[in-house]
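> Below is the sequence, then the predicted model.
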Amino acid sequence: EPEENGTTFEANAKIKAEAAARASNLPAFADDSGLSVEALNGAPGIYSARWAGASKNFAQAMRIVEEKLHEANAKTPAQRRAAFISALCVAWPDGETLSFEGRVEGTLVWPPRGTAGFGYDPMFLPDGKTKTFGEMTADEKHGLPPHGEGLSHRARAFLKLAEACLG
């Protein structure tokens, strides 16, 4: 697995997709995604998984986010704005690449709600919704109509890819 040493989600997705395309001599795609919190200057950002540690303890990672928001005196919903961002890159063996970004804006809640999904989902309330991602079914979060709204950042990035492929 290649080292993710990019400074953006897009750069890391490109590193992974290009490495897979070179290794397989086939088109490949990869994504990089995470949580970007306005009051924390975009953190945890590309380090979202690392905040959970080697054990992938996202309950711990959510506590760290909440502690940092408390330190930043971010108490109101307007001060707790965040976005889930997913960068999807498609790479071909000849070096050509295409990148797409999906983004979901929302607010961070505390305490976390729900046990569905993974990562920071239980503390992320998408704009216009009453359920956190942790309270939503997979269809509600990722599904396309009629079962869902394609709310997730990954679903939105894949929709952009599909639109580009279909013209």
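Sure, I can see it.
> Just after whichever strand or helix holds residue 139, pick out the following helix or strand.
Using DSSP states H and E, residue 139 sits in helix 138-142. Next helix or strand after helix 138-142 toward the C-terminus (DSSP H and E): helix 153-166.
> could you say what helices and strands that next one packs with?
strand 28-37, strand 81-91, strand 97-108, helix 138-142 (3 or more C-beta pairs under 8 Å, 6 or more residues apart in numbering; DSSP states H and E). Quick note: C-beta positions are derived from backbone N, CA and C, even for glycine.
> Just the C-alphas of whichever helix in the chain runs longest, formatted as PDB.
Counting by DSSP state H, the longest helix found in the chain is helix 9-24. Extracted in PDB, the C-alpha atoms of helix 9-24 (Å, rounded to 0.1, in the frame of the first residue of the first chain):
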ATOM      1  CA  PHE A   9      -7.800  14.300   0.200                       C
ATOM      2  CA  GLU A  10      -7.500  14.500  -3.600                       C
ATOM      3  CA  ALA A  11      -3.700  14.100  -3.500                       C
ATOM      4  CA  ASN A  12      -3.900  11.000  -1.300                       C
ATOM      5  CA  ALA A  13      -6.700   9.500  -3.500                       C
ATOM      6  CA  LYS A  14      -4.500  10.100  -6.500                       C
ATOM      7  CA  ILE A  15      -1.400   8.500  -4.900                       C
ATOM      8  CA  LYS A  16      -3.500   5.300  -4.100                       C
ATOM      9  CA  ALA A  17      -5.200   5.200  -7.500                       C
ATOM     10  CA  GLU A  18      -2.000   5.700  -9.500                       C
ATOM     11  CA  ALA A  19      -0.200   3.000  -7.500                       C
ATOM     12  CA  ALA A  20      -3.000   0.500  -8.100                       C
ATOM     13  CA  ALA A  21      -3.100   1.300 -11.800                       C
ATOM     14  CA  ARG A  22       0.700   0.800 -12.100                       C
ATOM     15  CA  ALA A  23       0.600  -2.400 -10.100                       C
ATOM     16  CA  SER A  24      -2.300  -4.000 -12.000                       C
END
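> Give me the contacts around that helix.
If you take C-beta atoms under 8 Å, 6 or more residues apart in numbering as the criterion, helix 9-24 is touched by 1-6, 27-34, 45-46, 85-93, 95, 97, 99, 101.
> rewinding a little: quick one: the helices and strands packed on helix 153-166 as JSON lines, columns for mean neighbour count, distance to residue 131 and mean pLDDT too.
Below are those laid out as JSON lines (neighbours: other C-beta atoms under 10 Å; distance: least, C-beta to C-beta, whole Å; pLDDT from 0 to 100):
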{"stretch": "strand 28-37", "mean neighbour count": "22", "distance to residue 131": "17", "mean pLDDT": "96"}
{"stretch": "strand 81-91", "mean neighbour count": "23", "distance to residue 131": "15", "mean pLDDT": "96"}
{"stretch": "strand 97-108", "mean neighbour count": "20", "distance to residue 131": "11", "mean pLDDT": "95"}
{"stretch": "helix 138-142", "mean neighbour count": "17", "distance to residue 131": "7", "mean pLDDT": "82"}
